[in-house]
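J.: using only what follows, build the 3D model:
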Amino acid sequence: MTDASPGLEIRGRIVSASFDLTDGVVSVRGDRIVAVRPMTEWLAFHRDSAPPNFSGLILPGLVDIHNHGGSGHRFDTVDADEARAAARFHHAHGSTTVLASVVTGPADDMAAQIATLRTLAADGTLGGIHAEGPFLAAARCGAQDPRYLRDPDPALADRLLAAADGHLRVCTLAPELPGYDAVARLLADNDVMIALGHSDTDFAHFRQALAPAGSARLVTHLANGMPPLHHRAPGPVAAALTAAAAGHAVVELIGDGVHVDAGFGAMVFAAAPRQVALITDAMQAAGMPDGEYRLGPQAVRVIDGVARVANGSIAGGTATLAQCLSWAVRDCGVPLPDAVRAATAVPAAAAGLADVGDLRTDQYADLLIVDDDLQLRRVLRRGQWLT
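T.: You can find the predicted model right below:
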């Protein structure tokens, strides 16, 4: 048997949600994967061909579903070129699929930013849009500007939906706010994933929203923007972990070594290893030196790689998702397959992204080649080498 059609044949150790092959080949035609096979099987189809060189460790392209920008560029902008530059920075650093996150701001600004981002989602630069606000609890607003927070409002939600034109994938809300149920239903009816976050509620209320019959299936940056876990006041953190362990929710974890301690990360993976989505929560300063930046309406100062607003709250991350993946394996002791799943298949499924997050037939040809220390060597996106 032969398979002589032109394309890419990429050989290495393959680790993805569907495969863990010591020596396998990913076959690419155009922008899609057409086969993933053990090397022995590939040889049976290519009897007259020299085998491809062994490239190293092959992973799926990473999927970052919570990202505000990078390389000096922002997603909370009405400049499409600026947003495109932020996306390209993360693509080149291994996050081949990115949801652009906008933060709380004036309603007119949020709608305009989302309308700008939808053009990039429509052309495939972005995987979609995430609205982090404005329906958040003031007591846990973190780096969200408290001046523009408001209770869930169906009219404003409708406006944001219209601006996104089908590309709003995730919206973060605090479940205790008046009007939550109506807005959550409206968003869900428009295929938007409800994420709970920036919440000051108790265990029971948070857990109820994550129940099988509840409205939400995702938790925004677990432990950040919510009361700390305590044995007599377990709060949203324990509620989220309980739901995730039961398979009812996915919890985001910012894996930059700043937002959460490695011990906390190890606990989260131990509790629900297949329900964790690693994210960056990256902002404009990702990949940039210390200095002055912005997140939404607020000024941000970055010192020693840590971004904070004037009130001292951490204002997003400065790492890439490839660095977060390395942190999970190196610092948290997470097995490589679980960490890879958390940076690929789990977030893709949580955001309803069907064509990315794994290495299997008919998915987009998005993959990384990394060394044994998970340092990035090459990036393939949509069948084209970026690096």
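J.: for the longest strand that the chain contains, buried residues please.
T.: When the chain is parsed with DSSP state E, its longest strand is strand 20-29. Buried residues in strand 20-29, counted by 16 or more other CB atoms under 10 Å: 21, 24, 25, 26, 27, 28. C-beta: built from backbone N, CA, C; applies to glycine.
J.: ditto for stretch 318-331
T.: For stretch 318-331, by 16+ other CB under 10 Å, it's 318, 319, 320, 321, 322, 323, 324, 325, 326, 327, 328, 329.
J.: number of nearby residues for residue 111?
T.: By other CB atoms under 10 Å, 18 other residues sit near residue 111.
J.: go ahead and confirm it touches residue 158.
T.: No. Residue 111 is beyond contact range of residue 158, at 10.6 Å (criterion: CB atoms under 8 Å).
J.: related to what we said a few turns ago, the longest strand of the chain - what's its average pLDDT?
T.: For strand 20-29, mean pLDDT rounds to 97.
J.: check which helices and strands the helix or strand just after it sits against.
T.: Once strand 20-29 ends, the next helix or strand along the chain (criterion: DSSP states H and E) is strand 32-38. Applying 3 or more CB pairs under 8 Å, 6 or more residues apart in numbering; DSSP states H and E, we find strand 32-38 packed against strand 20-29.
J.: between the strand it packs on and strand 32-38, how big is the angle?
T.: Per axes from the mean of the first three to the mean of the last three CA atoms, to 10 degrees, the angle that strand 20-29 makes with strand 32-38 is 150 degrees.
J.: other SSEs contacting strand 20-29?
T.: Checking 3+ CB pairs under 8 Å, 6+ apart, strand 20-29 ends up next to strand 8-15, strand 32-38, helix 39-45, strand 54-60.
J.: 10 Å instead, please
T.: strand 8-15, strand 32-38, helix 39-45, strand 54-60, helix 336-342 (3 or more CB pairs under 10 Å, 6 or more residues apart in numbering; DSSP states H and E).
J.: ranking these by mean pLDDT, which is last?
T.: Looking across the helices and strands packed on strand 20-29, the weakest by mean pLDDT turns out to be helix 39-45, at a mean of 93.
J.: buried residues, that helix. List them.
T.: Across helix 39-45, burial judged by 16+ other CB under 10 Å covers 39, 42.
J.: what does that helix contact?
T.: With contact meaning CB atoms under 10 Å, 6 or more residues apart in numbering, helix 39-45 is reached by 1-4, 9, 11-12, 14, 21-27, 35-38, 49, 51-52, 54.
J.: which stretches in the stretch 151-300 of the chain count as strands?
T.: Assignment of strands within the stretch 151-300 of the chain using DSSP state E, counting those that start in this stretch yields the ranges 168-173, 193-196, 218-219, 250-254, 276-279, 291-295, 298-303.
J.: I'd like the average pLDDT over the fifth one.
T.: Translated: strand 276-279. 98.
J.: neighbours of the residue lying closest to residue 27 once chain neighbours are set aside, how many?
T.: Counting by CB to CB, 6 or more residues apart in numbering, residue 27 lies nearest to residue 35, which is 4.2 Å off, once chain neighbours are set aside. A count of nearby residues for residue 35, using other CB under 10 Å, gives 18.
J.: do the same with residue 356
T.: By other CB under 10 Å, the residues close to residue 356 number 22.
J.: cool, the one 3 residues further on as well?
T.: Residue 359 has 26 neighbouring residues, counting by other CB under 10 Å.
J.: now it: which helix or strand?
T.: Using DSSP H and E, no helix or strand contains residue 359.
J.: do you know how far it is from residue 378?
T.: With distances taken as CB to CB, to the nearest Å, residue 359 is found 15 Å from residue 378.
J.: shaky segments in this protein?
T.: Applying pLDDT under 70 to the chain flags residues 1-6, 387.
J.: pull the contacting residues for residue 219.
T.: 172, 195-197, 199, 206, 209-210, 226, 236-237, 239-241, 243-244, 249-253, 275, 277, 350.
J.: please name the bridge partners of it.
T.: Following DSSP bridges, residue 219 is listed with bridge partners residue 196, residue 251.
J.: what's the answer for residue 12, then?
T.: If you apply DSSP bridges, the partners that residue 12 bridges to are residue 24.
J.: correct me if wrong: it contacts residue 24.
T.: Yes. Contact criterion CB atoms under 10 Å: residue 12 and residue 24 qualify, at 7.3 Å.
J.: any shared contact partners between these two?
T.: 39, 58.
J.: dump the helices and strands packed on strand 20-29 to JSON lines, plus distance to residue 215.
T.: Output for those, formatted as JSON lines (distance: least, CB to CB, whole Å):
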{"stretch": "strand 8-15", "distance to residue 215": "34"}
{"stretch": "strand 32-38", "distance to residue 215": "34"}
{"stretch": "helix 39-45", "distance to residue 215": "45"}
{"stretch": "strand 54-60", "distance to residue 215": "29"}
{"stretch": "helix 336-342", "distance to residue 215": "24"}
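J.: name the nearest residue to residue 181, ignoring sequence neighbours.
T.: In space, residue 181 comes closest to residue 215 once its chain neighbours are excluded; the distance is 7.1 Å by CB to CB, 6+ apart.
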